[in-house]
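# Prediction below, plus the sequence it came from.
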Amino acid sequence: MNATGHAAGKNEAALDPTGDEGLEQPDDGAAGLGALNAAHASPTALAHASSKSIVGAIAAYKSAMITAQADVSKYTTLVSQDQAAVAAAQANLTALQASKTSTATQISDAQAQLTAAQQQLASDQAQLAAAQAEITSAQNTLASSSNKQLTPDAITRINALLGLSS
């Protein structure tokens with residue numbers, strides 16, 4: 001019933017003492033994405049959009065994310081491989097140091113291999129961090145271009161619309 005005692009109509013919400021019933025949350029569904037619903041644009045529209053438009057900003061975001069996600073994947077794999085190489089080099093050095101038959105040259109070479117493996121690990125970790133920062137930068141740029149705060153849920157939805165992993 002409405003305030004006048006009549007049944008609530010189709011477009012008229014029933015009275016709710018809390019005032020909350022039926023209200024969408026600011027980030028629910030399509031309304032939560034606002035202008036970022038332009039992520040529904042076709043690949044052709046994304047490819048030909050002006051860089052000053054929201055569709056252009058989404059296209060730039062998608063391009064930056066594809067590159068950054070590929071780099072994150074690449075450097076995540078390399079870091080894992082580097083960690084295994086460091087462990088193997090450390091084990092080799094430890095074994096040579098414990099051996100009574102190892103020469104100083106063998107130990108020195110093993111130490112050099114360990115140092116090289118550690119340096120490669122540090123380099124790849126830095127590249128991984130840079131790629132992760134590129135993802136954050138792309139998200140911040142999109143948020144700024146759309147004048148919208150991007151929640152993790154909004155990012156997940158936009159990425160899904162664009163065929164990106166989250």
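Ah, there it is.

# Report the contact partners of Ala98.
For Ala98, no residue counts as a contact, taking C-beta atoms under 8 Å, 6 or more residues apart in numbering as the criterion. From N, CA and C alone the C-beta is placed, and that goes for glycine too.

# What of Ser137?
Listed by C-beta under 8 Å, 6+ apart, the contact set of Ser137 reads Ala64.

# what's the longest helix in the chain?
helix 54-98 (DSSP state H).

# got a list of what the residue most central in space within the chain touches?
Closest to where the C-alpha atoms of the chain average out (C-alpha atoms, centre = their mean) is Ile135, at 5.1 Å. For Ile135, the contact set (C-beta under 8 Å, 6+ apart) comprises Met65, Ala68, Gln69, Val72.

# So of the residues you listed, which two are at opposite extremes in space?
Across those, no pair lies farther apart than Met65 and Val72, at 10.0 Å, counting by C-beta to C-beta.

# which of the two has more neighbours?
Shown here are Met65 and Val72; by other C-beta atoms under 10 Å, Met65 has more neighbours (22 against 19).

# After the least confident helix or strand in the chain by mean pLDDT, which helix or strand is next? Please name it.
Every helix and strand in the chain was compared by mean pLDDT, DSSP states H and E; the lowest is helix 29-33, with a mean of 58. Next in sequence after helix 29-33, counting helices and strands by DSSP states H and E, comes helix 43-48.

# neighbouring contacts of that next one?
The contact list for helix 43-48 (C-beta under 8 Å, 6+ apart) reads Val55, Ile58, Ala59, Lys62.

# In it, which residues are buried?
Neighbour counts over helix 43-48 (16 or more other C-beta atoms under 10 Å) mark Leu46 as buried.

# Low-confidence ranges, this protein, go.
The chain contains residues with pLDDT under 70 at 1-38, 42, 45.

# can you tell me which residues contact the closest residue to Leu161 other than its chain neighbours?
Nearest residue to Leu161, sequence neighbours excluded (C-beta to C-beta, 6 or more residues apart in numbering): Ala39, at 4.0 Å. Contact partners of Ala39, counting by C-beta under 8 Å, 6+ apart, are Leu33, Ile58, Ile158, Leu161, Leu162.

# Do I have it right that the last one meets Ser63?
No - in terms of C-beta atoms under 8 Å, Leu162 does not count as a neighbour of Ser63; the distance is 10.1 Å.
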